[in-house]
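Asks: Build me a structure from this.
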Amino acid sequence: MDTGAGHRSVLRDEVLRLLDPSGRNVLVDCTVGLGGHAEALLAAAGPQASLIGIDVDEENLRLAKERLDRFGHRVRWFHADHADLDAVLDEAGAKTADVILADLGVSTNQLEDPQRGLSFQTDGPLDMRLDRRAPRTAADLVNELPEPQLADLIYAYGEDRYSRRIARAIVAARKRKRIGRTGELAQIVARAYPAAARRSRRGVHPATRTFQALRIYLNGMLGSLDGLLSKIPVCLAVGGRAGVISFQSLEDRRVKQAFADWAQTGRARLVNRKVVKPAAEEVASNPKSRSARLRAIERIA
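Replies: Next comes the predicted model:
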């Protein structure tokens, strides 16, 4: 949710308050993006701290390196999935981390680049890959998946009640010609929606949930999150804190349940029992932050 060095990352102050980096030694930003949270954590931790920055997007890693260049050797960079947190720590020579953060949002520069095809706001190739090494694109999915599987995907990952109508419309359209552009897909989905449903959306484009579903499925976002959540208990030092910022109910439910399970076993305690949301002032200055949810936990045994 950051657009560059001059902009604040979502829930930045809340992240610093809940994760309490001051005096900590090993920090990990599992989804470093453009480096906004990493920069704030390093500055707050003090000169003894080092940071491990992880991201699947090679371009964002490059931009984050430029932003954090002044920290020099205190930062190590890894082009990896956050599900591989344990392997990254091992490669970095760190047994555990004192602070672990994952911001699950797609950064603004990714969404606004039409060549990435992550959004329908500007027309571009229907790509949607966060990691360009991945072999399949969103165009491959919408043109090749059987109609029932496509409908299930849109319902499961987009929670769209009109998933079957949308899938049927996509299959009918691709019989005429291959769907290759974000604008094409957005129009197909919009036409599939009942007129009354379009009117009731109140400014939310009918294709929003379909695009969300394709992004999540194509990039394996929920699987990566599950992998990360399974690694945090063993990668976090005793007394250390971990936080996850989610932007969708599918993600937040997983984080909430995992943290509750750890707390129930006595291995950890919830730092915030009530989910932290952006203040009205932040939402006013950055409307894209409105769906952000932050949960944090501290390992105690």
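Asks: which stretches of this structure have low pLDDT?
Replies: Applying pLDDT under 70 to the chain picks out residues 1-7, 200-203.
Asks: Spatially central residue in it, please.
Replies: Centroid-nearest residue in the chain, with C-alpha atoms, centre = their mean: residue 104, separated by 2.2 Å.
Asks: Now the phi/psi pair for that residue, please.
Replies: phi -80, psi 0 (degrees, to the nearest 10).
Asks: That one contacts residue 229, correct?
Replies: No - counting by C-beta atoms under 8 Å, residue 104 stays clear of residue 229, with 11.2 Å between them. No exception for glycine: its C-beta is placed from N, CA and C like everyone else's.
Asks: where do the contact lists of these two overlap?
Replies: Residues touching both residue 104 and residue 229 (C-beta atoms under 8 Å, 6 or more residues apart in numbering) are residue 244.
Asks: and the one helix or strand residue 184 maps to, how far out from the chain's middle?
Replies: Using DSSP states H and E, residue 184 sits in helix 182-192. Offset of helix 182-192 from its chain centre (C-alpha atoms, centre = their mean, to the nearest Å): 24 Å.
Asks: Not counting that helix itself, show me its contacts.
Replies: With contact meaning C-beta under 8 Å, 6+ apart, helix 182-192 is reached by 114, 117, 119-120, 122-126, 138, 142, 162, 165-166, 168-170, 173, 179, 198, 205-207, 210-211.
Asks: longest helix of this protein?
Replies: helix 249-265 (DSSP state H).
Asks: what's the domain layout of this structure?
Replies: 12-109+221-299, 135-218 (automatic domain parsing).
Asks: Go through the ones you listed and pick out the most buried.
Replies: domain 12-109+221-299 (a mean of 19; mean count of other C-beta atoms under 10 Å).
Asks: what residues are up against residue 301?
Replies: Counted by C-beta under 8 Å, 6+ apart, residue 301 has contacts 238, 266-268.
Asks: This completes my enquiry, with thanks.
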